[in-house]
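# structure, please.
(chains A and B)
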Amino acid sequence: MLATTLLWHYWLPVLLLPLGIGLVIAKESERRLAGKVLLVLLVIAIIAQPSSLDTSVEGWSLHLLISLIGPIAAILFGIWLTLFSGPIPVAPLPRSVRPFGFALMILSAAWFAWMLFEARPAIDGIPNPWWQHFVTSFLTVLVVVAGFATAFALIMGDSRLKEASVMALISITSFVLLIYLLAEGTNSDDPVFWRSASWGALGDLGGMLFGSGFALMIFITFVWLGEKRMGVPEPVEPLSKEEATTIRGIISTNSEVEE
Amino acid sequence: MNNDGDVIRDWRTLTLVVLTLTVFIFIANIHLEVRGEVEDVDILSRFIHSATISFIFVNSALFLITLALSHKHAKLIEQALGTLLAAAIGILLFGLFVDSGITVAGVATDAWSQFSIGAIRMMTVDFAILLSLGTSFGILLTLVTSRETPSDPLLELETTSFDNEEE
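Have a look, this model is predicted:
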């Protein structure tokens, strides 16, 4: 059964997150402010969980997110530093920062590998139950996305062999890593669990693509129906004499031509 | 660089690459499952639950975003009511599946337990997708923008006179 604390500190913030994002990207400043306040309140509600994270599956999902903050921050800062210290005209950083950006990216990959093989996220020795599901989903999607990026760089780009090679390396490495996990497992987990997680992730990914795609198609149909129901706009009446005089005055003022 | 007429062929090739990689991943999973032991995952139930929960998620999110961005010209009746009804139908369908015995193994068989575990699984998958997209395209952007290109020679020309020098 659903505990009241989980309702207020997990499910309600998750439910209201799209509303907060929608308000933040609105045009009106009042809505943007309301969206920012709502997002801050949602974050506070999640952080202020009274119960320990290892007491519920919802708490374990937050623990997974917290465990991955380090590698995610390293890759994001790495990409940011490398990108803006390159030969780009927009907000350039000093060139000397570039190696540090690459080092952060390598650190992120090494950190992830260390977590995968040596230090599975856990609380007091109890391993995080979402870890295998996350890793198999991440590696599966990374194989496909990096493979797509490889083909994209080759087909759409102009002499992008070097870039395509790096993306192909990422895709192949992810694939080999996934196969290794399914065949050999890790120190903490038998390959049986990895195979089961991978099968489940494939079912989840396929279902998610189908369900989300179907929902988007329905939404497009709703928009289309709305547009179709909208009547033909009525013809605009010609300008009155007073309006025409006003417009002539504005045009002559701006074009400095006397009539 | 390709011509504009090749766009359809290019995207067809890219789609083929994605499909080939997906098939490879399936083959690898099947091959390794045949070789070794695997727990009963019940992939069909996982697929049905994921599809229904994703349908509910996307419709609910679109409903809330439509409300947040509503304005006087918005088609609120069609968009907001439509997405809300679609989400409600999704919830009813999910309950129907659970009552019919289409449940995920290893979880209590009541509707809320099945939904909450499925929803967290979906959020974990969404998180993994976002992370892999950000990583891949972030690195690709970094690589693509790192090429030193000579400046456009036209920028170095100076226009001092409009007269033709040969005349």
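# what stretches of the stretch 1-150 of chain A score poorly on pLDDT?
Along the stretch 1-150 of chain A, the parts satisfying pLDDT under 70 run over A:1-2.
# helices along that one, start to end?
Along the stretch 1-150 of chain A, counting by DSSP state H, counting those that start in this stretch, helices occupy A:4-6, A:12-24, A:29-47, A:57-67, A:69-84, A:98-117, A:131-156.
# pick the most buried one from these.
helix A:131-156 (a mean of 23; mean count of other CB atoms under 10 Å in any protein chain shown). The way it works is simple: take the backbone N, C-alpha and C, and place the C-beta from them, glycine included.
# what about that helix, distance to the chain center?
Centre-to-centre, helix A:131-156 and its host chain are 14 Å apart (CA atoms, centre = their mean, to the nearest Å).
# quick one: whatever helix or strand comes next after that helix near chain B?
Beyond helix A:131-156 on the C-terminal side, the first helix or strand identified by DSSP states H and E is helix A:161-184. Yes - applying CB under 8 Å from any CB of the partner chain, one finds helix A:161-184 in contact with chain B at A:162-163, A:166-167, A:170-171, A:175, A:178-179, A:182-183.
# quick check: which of the helices of the stretch 1-150 of chain A is nearest to chain B?
Proximity to chain B (CB to the nearest CB) singles out helix A:12-24 among the helices of the stretch 1-150 of chain A, at 2.8 Å.
# figure out how far the closest one is from the centre of its chain.
Here helix A:12-24 is found 15 Å from its chain centre; the criterion is CA atoms, centre = their mean.
# swap in stretch A:222-232?
Relative to its parent chain, stretch A:222-232 has a centroid offset of 32 Å by CA atoms, centre = their mean.
# one step back: redo the helices of the stretch 1-150 of chain A as JSON lines? Include distance to B:I25.
Output for the helices of the stretch 1-150 of chain A, formatted as JSON lines (distance: least, CB to CB, whole Å):
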{"stretch": "helix A:4-6", "distance to B:I25": "34"}
{"stretch": "helix A:12-24", "distance to B:I25": "29"}
{"stretch": "helix A:29-47", "distance to B:I25": "33"}
{"stretch": "helix A:57-67", "distance to B:I25": "22"}
{"stretch": "helix A:69-84", "distance to B:I25": "23"}
{"stretch": "helix A:98-117", "distance to B:I25": "18"}
{"stretch": "helix A:131-156", "distance to B:I25": "6"}
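# which one of the ones you listed lies closest to B:T103?
Nearest to B:T103 among these is helix A:57-67; the distance by CB to CB comes to 16.0 Å.
# name all residues that make contact with residue 25.
Chain wasn't specified; assuming chain A. Residues counted as contacts of A:I25 (CB atoms under 8 Å, 6 or more residues apart in numbering or on different chains) are A:32, A:35, B:69.
# wrong one, chain B
By CB under 8 Å, 6+ apart, B:I25 lies in contact with A:140, A:143-144, A:175, A:178, A:202.
# could you redo the last one with a cut-off of 7 Å?
Taking CB atoms under 7 Å, 6 or more residues apart in numbering or on different chains, we find B:I25 in contact with A:140, A:143.
# and it, how close does it get to A:W130?
In this view, B:I25 and A:W130 are 20 Å apart by CB to CB, to the nearest Å.
# and for A:T55?
Look at A:T55 and A:W130: by CB to CB, they are 15 Å apart.
# do B:E78 as well
Relative to A:W130, B:E78 is positioned 38 Å away (CB to CB).
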